[in-house]
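>>> what shape does this take:
(one chain, ligands or ions: 2)
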Amino acid sequence: MNIIFLGAPGAGKGTQAAIVSEKLNIPTISTGNLLRAAIAAGTKAGLEAKSYMDQGALVPDATVVAVLKDRIAAEDCANGFILDGFPRNIAQAEVLEQLGVAIDLVISIEVPDEEIMARMSGRRVCLKCGATFHIVNAPSAAGDKCDKCGEPLTIRADDKPETVADRLKVYHEQTESLKTYYGAKGVLAEVKGSGIESTTRLIMAVIEGAAL
Ligand code: ADP
Ligand code: ZN
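Ligands and ions are numbered 1, 2, ... in the order given. Next comes the predicted model:
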C-alpha cells in the first residue's frame, strides 16, 4: 500500500506518518528529513537544497526527485510506503506517475493556519534520527534529548515565525491544489487534525475503509 500524507507544514504529517508506519509495518519517506540528512552529510543534493529550505521555499524538483528515487529503490519499500512531504506540487505528482508509483490513498490532514502558527513555536526535532516532538503536545520522554536516540533536540532553522508564514503561503499556492488532483482520481480523504490520538483514529479508519 502506497500512501501520501498531505497537509500544511506542522499539520502533523511526520508525527502521524511515524505512528501509522509502525502499525502497518511500512517505512515512512520524508523528503524533508532526506534533505536535512543530505545537508548534514554535505552531499551535492544537500548543497543545492540548503538556501531554499532556510527561506521556506520549495527545493527544485530535480534535487528532491533525485533523493526520493534513491530511497524508493531500497528493499524495505517493496511492500509499500508512506510519503511525507512529497509530492508538494503537481509536477512532482506527475513524476510519481512517470516512475510507475501507484498511489492507493492520499490523506490530507486539515489544520487551520492560525493553529499552525501557534504549534510551530513548540516544535523540536532530532537531527540524528528525524523524530519530531512538541514541548506541550508531544514532549520527549527524555526532556530536551531525543527519547529514541539520545541526541539533544533542536529547533529547526525554518521554524521561525516569519519562515513558517512563508511556508504556509507556499503550501496554499503550490501544494493544496494536489487535493483537487488526487480528488479527481478518487483516492483523496480529508481528516481533521486536532489531538494526536484522535487524528490517528481518523486516519486508521480511512485506511481500514480503503481495505486494500
Ligand atoms: P514541513 O512539512 O513542516 O514543511 P518538511 O520537513 O517536510 O517540513 O520540509 C521542510 C522543507 O524541505 C520545505 O520547506 C522545503 O524547502 C523542503 N522540501 C521538503 N520536501 C520537499 C519537496 N517534495 N519539494 C520541494 N521541497 C521540499
Ligand atoms: Zn533521535
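>>> give me the neighbour count for residue 3.
Other residues lying near residue 3 total 27 when counted by other C-beta atoms under 10 Å. C-beta coordinates here come from the backbone N, C-alpha and C atoms, glycine included.
>>> so it sits in a helix?
No. Per DSSP: H, G, I helix; E, B strand; the rest coil, residue 3 lies outside any helix segment and is strand.
>>> what ranges do the helices span in this structure?
In the chain, the helices defined using DSSP state H lie at 13-24, 31-41, 44-55, 61-72, 90-98, 113-120, 161-170, 178-184, 196-210.
>>> can you pull the contacts of residue 39?
Shown in contact with residue 39 (C-beta atoms under 8 Å, 6 or more residues apart in numbering): 46-47, 49-50, 53.
>>> thinking again about what came up before, reformat the helices of the chain as JSON lines; add distance to ligand 2 and mean pLDDT.
As requested, the helices of the chain are arranged in JSON lines below (distance: least, C-beta to the ion, whole Å; pLDDT from 0 to 100):
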{"stretch": "helix 13-24", "distance to ligand 2": "11", "mean pLDDT": "95"}
{"stretch": "helix 31-41", "distance to ligand 2": "11", "mean pLDDT": "94"}
{"stretch": "helix 44-55", "distance to ligand 2": "19", "mean pLDDT": "95"}
{"stretch": "helix 61-72", "distance to ligand 2": "19", "mean pLDDT": "96"}
{"stretch": "helix 90-98", "distance to ligand 2": "27", "mean pLDDT": "97"}
{"stretch": "helix 113-120", "distance to ligand 2": "20", "mean pLDDT": "90"}
{"stretch": "helix 161-170", "distance to ligand 2": "22", "mean pLDDT": "93"}
{"stretch": "helix 178-184", "distance to ligand 2": "29", "mean pLDDT": "98"}
{"stretch": "helix 196-210", "distance to ligand 2": "18", "mean pLDDT": "95"}
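>>> now render the ones you listed as a markdown table, adding distance to residue 106.
What follows is the helices of the chain, written out as a markdown table (distance: least, C-beta to C-beta, whole Å):
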| stretch | distance to residue 106 |
| --- | --- |
| helix 13-24 | 12 |
| helix 31-41 | 15 |
| helix 44-55 | 24 |
| helix 61-72 | 16 |
| helix 90-98 | 9 |
| helix 113-120 | 20 |
| helix 161-170 | 19 |
| helix 178-184 | 4 |
| helix 196-210 | 10 |
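>>> excluding chain neighbours, what is closest to the closest residue to ligand 1 within the chain?
Here the residue of the chain nearest ligand 1 is residue 32; by C-beta to the nearest ligand atom that distance is 1.8 Å. Closest residue in space to residue 32, ignoring its immediate chain neighbours: residue 85 at 4.7 Å, by C-beta to C-beta, 6 or more residues apart in numbering.
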